[in-house]
Each structure stands twice: as structure tokens, then as C-alpha cells.
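J.: No sequence on hand, only this structure:
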């Protein structure tokens, strides 16, 4: 069976050039870059080259790049490290209701430790009101943490304007750019960002490596204690092969992003328009203007159908996508992003995300457009909500109890 | 994640649909959890002659609905009333632990339908 991978916001295949560049660092050049001998010397240059490659993509200096193990570590480091370093200045953090759990749960943790957090709401299109952001800033505000692009809807936040606001109020600005990197231009200087987090496996590097951009002069408390790696800012033996891979992936992104994502955008738009024009009772989640979304992301709700069922039927046809339904989020509730946008509860359970890469083809889009309508119809014919006259039962007492207990 | 039996009942669900002039109908679940199951019964005398279902829900919800219809057809009302959600899950060789609360309601829907039948025919 043909396999069609449309879950690139979850993870990507390692690019061949990336794997090729990594391989020597498992056997021939296996040294610890912190060692003084020949084995260590052989690899320390590779780390610095990767640092330059990452820095070039972001338009910063290599000294401003800290290698970490993943996006979640980067977000934890940036937020907790700032909270601790700036505690004497204030205890207020501003973020949004639609951040990745790596940011949201870190903020919730800080709330239990004396910090106050403002979670900015989004509108029905998933967008922020910047006046609300500005109004939320107090003399206690030490950090604004807002993602560059949303992983579920692909919505792009106005990072440059947020950077302006943060700069004007002299509040530190952190952005989780895990989904934006490689898909849209990311320039930390132009955006006036103080801290930015990226993850390797979203851009064709392997899992287990990421980077934190920390603007020169930004004080942060160490997160990982131990050795003196990364100029004492992040302990732990370097993941040499992973870091080399991340460097090459960032270089490829810098060279190919414009061309690759113009192509990806055409595929995404074709699928989007194809579904919207042929399948009734669907809802686009995210901003209706495709320019305000990542070029690779399409999130659509297929009303009356639960997302996991749809994914399983897609899977039987070899199509890999993801859903915001409770069943697939691993919790009792559907996606927090859909809820923040005020998406109807059934539609939230019905949401499906297709996320492309440049590996996808137009034939794949044609295949999906042919296979999808009968699957949707079959599941709708099975659904007691389809063509229903009685009101839909909405609430669950038992769930409320389970939620309270957890 | 799912057993072969679950996937079989999910991809080829038995007894999907509605029964015209059903003499017992039961619905359980809610949109908040993401699972709603509706069971239609055709009862003759004391015997369940036919069962059909409609389900909004995940793979486990559809598979348990399909399984409960197979288990119930031909049973007396009293036999059907002792069928449990647990027994339905076991007939499918088990469900992932996370699915035991929300998606394993098929026996409850069957019991609701029997209750509805009894109320209408008492």
C-alpha cells in the first residue's frame, strides 16, 4: 500500500543529506568534544560549524545559540530560567491559551511557585488582540512568551509587532518557533526576539536535538546543572551527531525554504480548496486567510465524525494525519487550541490536521481528495449526530468527576 | 494500540443503522467526551430479534457498539440486561486502558434501549 505522510508538524523524516553528515560522528569521529586529545579535537569543530549553521538561519551570532535536547527543554529553560533570573524584578508572565504544552505547563508550574500568569485569549480564527497584550503588561511583567506559529492550526502570530511591544515596554520576549523554523523566514533581529526555541526533528534533523537562541546579554538561570558545556549555560555531553544533523538541516532550510514551501503551499491550498468545495459540513480551523497560516498546515473539522475514527480509516488507506479529538490527545477533552478558539465541541472532536512537507506530491493530494469523501460519508452514515433533529447531549458528569480527581 | 478484533469490528462494523419501528431505543454518551451511542431494538415476546446501532466516537466506541449488537441478538431481555461493558470489552480481546471510561458504553446503550422497551410495553 502507498504510504502518504501528512503529519509533518508531529515529526519529519531525517533528510538524506542530514543523515549522511551525521554518520561519521557515530564511529570514526566518536570523541567527546570537551576532551583535549585527538578524539575530542576531531569533533569540537563540528559542533561549532553546526552552531554557525543554526545562527545563519536565525540571523544571529553563533555565540547566541545553545544546543539543547528538544523543543520542550528549550521552552522550559527559557521560561524557568527567566523566571528565576528576573524574580527580583517581578513575578508576572504573559502567554497565550494556545501555546504548546511545553510552555503552558511550565507556566502552570510557575503559578504554583508564586508567579502570576496571564493567558491571552484568541478569537474564533485563533488570533490575538495585540491591544489586549499591551494592556496586560504591568510593572511586574518579566516575560512574554508567544509562539511563532501554532502547531495545530498553523496560525502565524504577528511576531514582529509583538517584538515591538515587548521592546517598547522593556519586557523580555520568548517565542516557541518550533513549527515556524524552515517553513517561514525567521529572523530574530528583525523580530526583536530575546529567546527563541527550535527543534531538530521538525526540520529534517533527528529527534533528541534542539536549540535555544539567547540574545547576547540576556540573563538566564542555568537549567541543566553539571559540566561546563555551552559556556556553562547547559550541562551535558554534546549530542554530537544530532547537533551536526541539526546544523545541516538548518543550512538546507536556509537554502531551500522559499522554493520548497512555495511548492508545499500549492499542495496545501489544493487539498484545502478540494475538501472545502467537495465535502459538505466541514469547517476550516485557523485563520481563513492562508497567508496568515504556515504554508504546510491545514486543519479541518468534519462535522458529525469523531477524529480518531477518521484517522483510523485514513490509516487503512495509508494516509497519516492527526486529530484534536480527546481520544487522540490522550486526555478526556479535545484540543485546548480548538477550545480556546471557541470551536463547537463536536467540531473540536472532529478536527483533523494535515501537515505537508516538500516530500509530498500532487498525486498524493489527488489520492486523498478521491478517498476522503466516501470515508467521511460512511462515518456520517454511522453517526447518530448526522441529520439529527434532537439536541445533541453535551455534558458528562462522570468526566467532570474524573477531571476533578486528576 | 487496538486488538485485531477491535480493528475488525471497527473497519467492518456489524448491524449499523436504524430499525424502522424499533420498539426500544437507547442513547448514552455526550459530545463533551466525544462518544455518543444509540441502540435500536426489535423485541418479539421476550427475545431480542434484531439490534442496530449508530455511533459517534473513536475506534473503540464503534467496535464496542458493533460487538454489543452481536452479543445481544437472540438473547432474552434478562440475559441482555446482565451483559456488561466489561464483557463487551473482553469479547473484543480487551481495550486500551484510556478507552475504558469514555468509549466503552455499548452495554449501557443496550440497557437503555431495553428500559425504553419495557417502559413502552408495560
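T.: Cool, got the structure. Bear in mind that the values here come from a model prediction, so they are computed numbers and not experimental data.
J.: Count the residues that sit near residue 36.
T.: In the absence of a named chain, chain A is used. 8 (other Cβ atoms under 10 Å in any protein chain shown). Backbone N, C-alpha and C define where each C-beta goes, glycine included.
J.: that's the wrong chain, I wanted chain B
T.: When neighbours are defined as other Cβ under 10 Å, residue B:36 has 25 of them.
J.: check which helix or strand covers it.
T.: For residue B:36, the host element (DSSP states H and E) is strand B:35-44.
J.: Now do the buried residues in whichever helix or strand comes after that strand.
T.: Per DSSP H and E, strand B:35-44 leads on to strand B:47-56 as the next helix or strand towards the C-terminus. Residues of strand B:47-56 classed as buried: B:48, B:50, B:51, B:52, B:53, B:54, B:55, B:56 (neighbour count, 16 or more other Cβ atoms under 10 Å in any protein chain shown).
J.: and strand B:47-56, what other elements does it pack with?
T.: Under the contact definition 3 or more Cβ pairs under 8 Å, 6 or more residues apart in numbering or on different chains; DSSP states H and E, strand B:47-56 sits against strand B:35-44, helix B:59-72, helix B:77-81, helix B:106-120.
J.: can you redo the ones you listed as a markdown table with distance to residue A:134 and mean pLDDT?
T.: Shown next, in a markdown table, are the helices and strands packed on strand B:47-56 (distance: least, Cβ to Cβ, whole Å; pLDDT from 0 to 100):
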| stretch | distance to residue A:134 | mean pLDDT |
| --- | --- | --- |
| strand B:35-44 | 42 | 96 |
| helix B:59-72 | 45 | 96 |
| helix B:77-81 | 62 | 97 |
| helix B:106-120 | 51 | 96 |
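J.: Which of these has the highest mean neighbour count?
T.: helix B:59-72 (a mean of 27; mean count of other Cβ atoms under 10 Å in any protein chain shown).
J.: close to chain A, is that helix?
T.: Yes - residues of helix B:59-72 are located near chain A by Cβ under 8 Å from any Cβ of the partner chain, namely B:59, B:60, B:61, B:62.
J.: from those, which is closest to chain A?
T.: Closest approach between these and chain A, by Cβ to the nearest Cβ: residue B:59, at 5.0 Å.
J.: And the residue of the stretch 151-300 of chain A that's closest to chain B?
T.: Nearest residue of the stretch 151-300 of chain A to chain B, counting by Cβ to the nearest Cβ: residue A:281, 13.3 Å away.
J.: Please name the residues that touch residue 89.
T.: I went with chain A, as the question did not name one. residue A:142 (Cβ atoms under 8 Å, 6 or more residues apart in numbering or on different chains).
J.: hm, I was asking about chain B
T.: Applying Cβ under 8 Å, 6+ apart, the residues contacting residue B:89 are B:64, B:95, B:100, B:104.
J.: packing partners for the helix or strand encompassing residue A:264?
T.: Here residue A:264, judged by DSSP H and E, is contained in helix A:240-278. Under the contact criterion of 3+ Cβ pairs under 8 Å, 6+ apart, helix A:240-278 touches helix A:16-22, helix A:38-58, strand A:282-284, strand A:297-302, helix A:362-381.
J.: Can you tell me which of the ones you listed is most buried?
T.: strand A:297-302 (a mean of 26).
J.: and that one, is it in reach of chain B?
T.: No - Strand A:297-302 is not in contact with chain B by Cβ under 8 Å from any Cβ; minimum separation 11.5 Å.
J.: Residues touching the very next helix or strand once past that strand, excluding its own?
T.: Remark: after strand A:297-302, the chain's next helix or strand is helix A:307-316, criterion DSSP H and E. Residues from elsewhere that reach helix A:307-316 (Cβ under 8 Å, 6+ apart): A:302, A:320-325, A:327-328, A:349-352, A:371-372, A:375-376, A:378-379, B:7, B:10-11, B:57-59, B:61-62.
J.: that older thread, quick check, distance from the strand holding residue B:36 to the centre of its chain.
T.: 7 Å (Cα atoms, centre = their mean, to the nearest Å).
J.: Let me see the contact set for residue A:80.
T.: Per Cβ under 8 Å, 6+ apart, neighbours of residue A:80: A:106, A:109, A:110, A:221, A:223.
J.: Which residues belonging to the one helix or strand it maps to are considered buried?
T.: Assigned by DSSP H and E, residue A:80 belongs to helix A:71-85. Within helix A:71-85, the residues that count as buried by 16+ other Cβ under 10 Å are A:71-85.
J.: ok, how many other residues are close to the residue of the stretch 151-300 of chain A closest to chain B?
T.: 14.
J.: I'd like to check which residues are in contact with it.
T.: By Cβ under 8 Å, 6+ apart, the residues touching residue A:281 are A:302, A:303, A:304, A:380.
J.: Just the pLDDT for it.
T.: On pLDDT, residue A:281 comes in at 97.
J.: do the same with residue B:103
T.: Looking at residue B:103, its pLDDT stands at 75.
J.: ok so it is a helix residue?
T.: No - with DSSP: H, G, I helix; E, B strand; the rest coil as the criterion, residue B:103 is located in coil rather than a helix.
J.: okay but it is in contact with residue B:67, surely?
T.: No - using Cβ atoms under 8 Å, residue B:103 is not in contact with residue B:67; the gap is 12.0 Å.
J.: which residue sits closest to residue A:21 in space, ignoring its chain neighbours?
T.: Leaving aside its chain neighbours, residue A:21 sits nearest to residue A:248 (4.5 Å; criterion: Cβ to Cβ, 6 or more residues apart in numbering or on different chains).
J.: Pull the number of nearby residues for that neighbour.
T.: Around residue A:248 there are 22 other residues, counting by other Cβ under 10 Å.
J.: hang on, it packs against residue A:205?
T.: Yes - Residue A:248 lies in contact with residue A:205 (Cβ under 8 Å); the separation is 7.4 Å.
J.: Need the overlap of contacts for the two.
T.: A:15, A:18.
J.: residues touching residue A:76, list them.
T.: By Cβ under 8 Å, 6+ apart, the contact set of residue A:76 is A:102, A:106, A:223.
J.: looking at those, which has the most residues close by?
T.: For the contacts of residue A:76, the largest number of neighbours (other Cβ under 10 Å) sits with residue A:106, at 24 neighbours.
J.: any idea which element that one lies in?
T.: Using DSSP H and E, the element containing residue A:106 is helix A:101-111.
J.: between that helix and helix A:71-85, how many degrees?
T.: Orientation note: helix A:101-111 sits at an angle of 30 degrees relative to helix A:71-85 (axes from the mean of the first three to the mean of the last three Cα atoms, to 10 degrees).
J.: Now the spatially most central residue of chain A: closest residue in space, sequence neighbours ignored.
T.: Per Cα atoms, centre = their mean, the C-alpha nearest to the average position across chain A is that of residue A:179, at 3.8 Å. Spatial nearest neighbour of residue A:179, chain neighbours left out: residue A:149 (4.4 Å); criterion: Cβ to Cβ, 6+ apart.
J.: contacting residues around the one you found?
T.: A:155, A:156, A:157, A:177, A:179, A:180, A:183, A:184, A:293, A:294, A:297.
J.: close enough to count as contact, the fifth one and residue A:8?
T.: No - with contacts defined as Cβ under 8 Å, residue A:179 does not count as touching residue A:8, sitting 9.8 Å away.
J.: what do those two both touch?
T.: Common neighbours of residue A:179 and residue A:8 (Cβ under 8 Å, 6+ apart) are residue A:202.
J.: buried ones in stretch A:162-180?
T.: Of the residues in stretch A:162-180, A:162-163, A:165-166, A:171-180 count as buried by neighbour count, 16+ other Cβ under 10 Å.
J.: In strands, which of the residues you listed appear?
T.: A:172, A:173, A:174, A:175, A:176 (DSSP state E).
J.: Check these and tell me the two furthest apart.
T.: Taking Cβ to Cβ, the two most distant members of these are A:172 and A:176; they sit 14.2 Å apart.
J.: Any chance of the backbone angles for the closest residue to residue A:55 other than its chain neighbours?
T.: Spatial nearest neighbour of residue A:55, chain neighbours left out: residue A:62 (4.4 Å); criterion: Cβ to Cβ, 6+ apart. Dihedral angles of residue A:62 (phi, psi; degrees, to the nearest 10) stand at phi -60, psi -30.
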